[in-house]
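Asks: Whatever this is, show me its structure:
(one chain, ligands or ions: 1)
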Amino acid sequence: MRPLSDRDALIAEIEIETAETAPLTGRRKLSARLLAALRKVPREAFIPEADIAHAYVNTPLPIGHGQTISQPFVVAIMTELLDLEPDHSVLEIGTGSGYQAAILAELARQVWSVEVVPDLAETARAALAKAGYGNVEIRCGDGALGWPEHAPYDAIIVTAATPLLPPALLAQLKPGGRLIAPVGAAYQTQTLTLVEKSALSAIAQRAIMGVAFVPLVSGCERA
Ligand code: SAH
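Replies: Numbers count the residues shown, from 1 in each chain. Okay, the predicted model is just below:
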């Protein structure tokens with residue numbers, strides 16, 4: 001039998017963690033489409049040279065500017081909970097490395113991603129282009145304001161901790177859409193929160209599990 005590659009081993013670990021956290025998430029298994037995306041997207045293409053050896057370890061890694069690429073299990077479960085369809089338009093807040101955006105790009109029609117640090121936006125743009133993702137657009141700005149020009153979105157994913165759900169993001173979510181965000185204070189455990197907007201635009205939210213994200217900061221740094 002062929003030995004497990006690092007990537008297969010990581011995916012097996014993610015599947016076990018998914019099953020273990022099912023009482024919290026309501027998802028015992030990841031969708032076949034998401035598993036295929038996790039198998040396909042090269043995580044090593046989105047992390048600095050120095051950490052390439054750890055690309056397939058189930059852990060966050062530094063990407064510079066005090067920021068991190070999220071833990072692969074967290075990327076997987078947040079994506080799973082969005083129930084993406086091939087025709088969906090998705091907004092991501094916090095592009096970071098671009099890895100989460102690449103996973104979204106495999107599952108949806110178009111990804112719009114907002115990053116506050118110009119350098120990270122530039123590096124992610126280059127990494128996504130090199131990996132062949134033509135359906136991701138990145139803008140430098142304050143993600144708490146969303147990206148009104150392309151709204152409404154079928155799904156919104158916030159990948160930095162926010163004390164409150166930004167009202168602009170709720171407004172830019174389509175009726176029937178889903179938003180996932182780590183809600184809570186910075187530098188402590190936040191509550192991964194799933195928001196569903198009904199066909200009549202009523203907002204319902206559900207606490208999923210504890211997570212630890214870097215904070216959502218305001219303003220756009222000058223390059
Ligand atoms: N999704 C990323 C991980 C993001 S880490 C990945 O796959 O690698 C959180 C990111 O949010 C950081 O890059 C940080 O610079 C960015 N960020 C923080 N505050 C922000 C804001 N107000 N608007 C947009 N991005 C923000």
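Asks: Tell me the first helix or strand C-terminal of the lengthiest helix in the chain.
Replies: When the chain is parsed with DSSP state H, its longest helix is helix 6-20. Where DSSP states H and E defines the elements, the next helix or strand beyond helix 6-20 is helix 22-25.
Asks: Give the next helix or strand downstream of that following helix.
Replies: Following helix 22-25 toward the C-terminus (DSSP H and E): helix 32-40.
Asks: Would that following helix count as contacting the ligand?
Replies: No - if you take Cβ under 6 Å from any ligand atom as the test, helix 32-40 misses the ligand, and the best it gets is 12.8 Å. C-betas here are computed from N, CA, C, even on glycine.
Asks: Which residues does the helix or strand that that helix is followed by contact?
Replies: Going down the chain from helix 32-40, the next helix or strand is strand 61-64, by DSSP H and E. If you take Cβ atoms under 8 Å, 6 or more residues apart in numbering as the criterion, strand 61-64 is touched by 46-48, 51, 54-55, 68-69, 96-97, 119-120, 123.
Asks: re the thing from before, for the longest helix of the chain, what is the distance to the chain centroid?
Replies: Distance, stretch centre to chain centre, for helix 6-20: 18 Å (Cα atoms, centre = their mean, to the nearest Å).
Asks: Ile208 looks like it's in a helix, true?
Replies: No - secondary structure of Ile208 (DSSP: H, G, I helix; E, B strand; the rest coil): strand, not part of a helix.
Asks: That one: what's it in contact with?
Replies: Leu24, Thr25, Ile77, Leu81, Ile180, Thr191, Leu192, Thr193, Leu194.
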